[in-house]
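Student: have a look at this fold, sequence not included:
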């Protein structure tokens with residue numbers, strides 16, 4: 001599911017000068033709350049200042065995508081993006097985004113309208129949920145057979161493959177990182193990137209389970225804590241010296 005992120009910054013940083021993105025004045029990032037309640041992964045982000053990030057192509061923010069307004073993108077380019085990430089439903093808040101998808105009735109249909117005008121404590125918001133009619137909602141893409149992705153936590157996932165063929169490419173719709181590790185039983189499997197998504201070669205025929213792990217690197221946490229303590233000590237010493 002795509003959940004349009006909201007923020008108070010100008011996210012239209014790579015478009016015509018003088019036009020800025022619509023700002024969300026309430027300091028609430030709803031996607032974090034919804035993701036926790038639904039226990040689902042979203043095509044979204046829950047932090048401000050995300051537009052210069054390496055992964056900025058993984059979210060719509062305030063009616064923009066990668067620094068430009070959605071209306072500046074060809075319709076087929078956005079459709080290909082949604083199909084590549086298996087997105088079927090889109091939760092939209094900003095007028096720019098809602099108008100962009102509402103103008104394509106043959107590809108998207110509105111299935112729900114959210115009206116928060118009577119909710120106390122928040123500004124009135126007109127949100128809408130659209131269904132992408134040409135979606136490919138698979139979480140695991142394989143030519144023969146099928147697969148599902150189960151997220152256990154931030155650091156581990158399970159890929160359940162059924163009726164697959166050994167040697168075929170399997171693409172998991174999650175972000176690739178060279179830190180990921182994959183195992184079939186005790187045997188490690190090589191991973192590679194396909195358009196920024198995690199992929200591997202199927203190790204056997206039939207049904208199998210592949211375990212994905214992202215190392216926690218606890219020593220980095222220790223280094224960070226030591227650095228923080230050192231900064232605190234040096235700043236305190238400087239204040240005493242002054």
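Tutor: Sure thing, it's come through. As the structure is a prediction and not an experimental result, all values here were calculated from the model.
Student: so what's the residue positioned nearest the centre of the chain bridging to?
Tutor: In the chain, the C-alpha nearest the mean C-alpha coordinate belongs to residue 43, at 3.3 Å (C-alpha atoms, centre = their mean). Beta-bridge pairing for residue 43 (DSSP bridges): residue 2.
Student: what's the neighbour count on residue 68?
Tutor: Neighbours of residue 68 under the rule other C-beta atoms under 10 Å: 16. (C-beta placed from N, C-alpha, C; glycine too.)
Student: list phi and psi for it.
Tutor: Residue 68 has phi and psi values of phi -130, psi 150 when expressed as degrees, to the nearest 10.
Student: what does residue 172 give?
Tutor: According to degrees, to the nearest 10, residue 172 has phi -100, psi 130.
Student: does residue 152 belong to a helix, a strand or coil?
Tutor: Secondary structure, DSSP: H, G, I helix; E, B strand; the rest coil: residue 152 is strand.
Student: which residue packs closest to it, ignoring adjacent ones?
Tutor: The shortest distance from residue 152 to any non-neighbouring residue, by C-beta to C-beta, 6 or more residues apart in numbering, is to residue 158 (6.7 Å).
Student: so which strand or helix has that neighbour?
Tutor: Assigned by DSSP states H and E, residue 158 belongs to strand 156-164.
Student: pull up the pairing partners for that strand, direction included.
Tutor: Partners of strand 156-164 in the sheet, by DSSP bridges, are strand 146-153 (antiparallel), strand 206-213 (antiparallel).
Student: that one: how far from the chain's middle?
Tutor: Offset of strand 156-164 from its chain centre (C-alpha atoms, centre = their mean, to the nearest Å): 21 Å.
Student: picking that back up, the residue nearest to the centre of the chain: what's it in contact with?
Tutor: Residue 43 makes contact with 1-3, 58-59, 85, 87, according to C-beta atoms under 8 Å, 6 or more residues apart in numbering.
Student: show me the shaky parts of this structure.
Tutor: In the predicted model, the chain carries pLDDT under 70 at residues 25-30, 32-33, 36-37, 39, 49-51, 116-125, 219-220, 236-242.
Student: which parts of it are helices?
Tutor: When secondary structure is read from DSSP state H, the chain shows helices at 30-38, 75-84, 95-102, 218-241.
Student: nearest to residue 12, out of those?
Tutor: Smallest distance to residue 12 across the helices of the chain (C-beta to C-beta): 9.1 Å, for helix 95-102.
Student: could you tell me the angle between that closest one and helix 75-84?
Tutor: With axes from the mean of the first three to the mean of the last three C-alpha atoms, to 10 degrees defining the directions, helix 95-102 sits at 90 degrees from helix 75-84.
Student: identify each buried residue in helix 95-102, please.
Tutor: Using 16 or more other C-beta atoms under 10 Å as the test for burial, helix 95-102 gives 96-98, 100-101.
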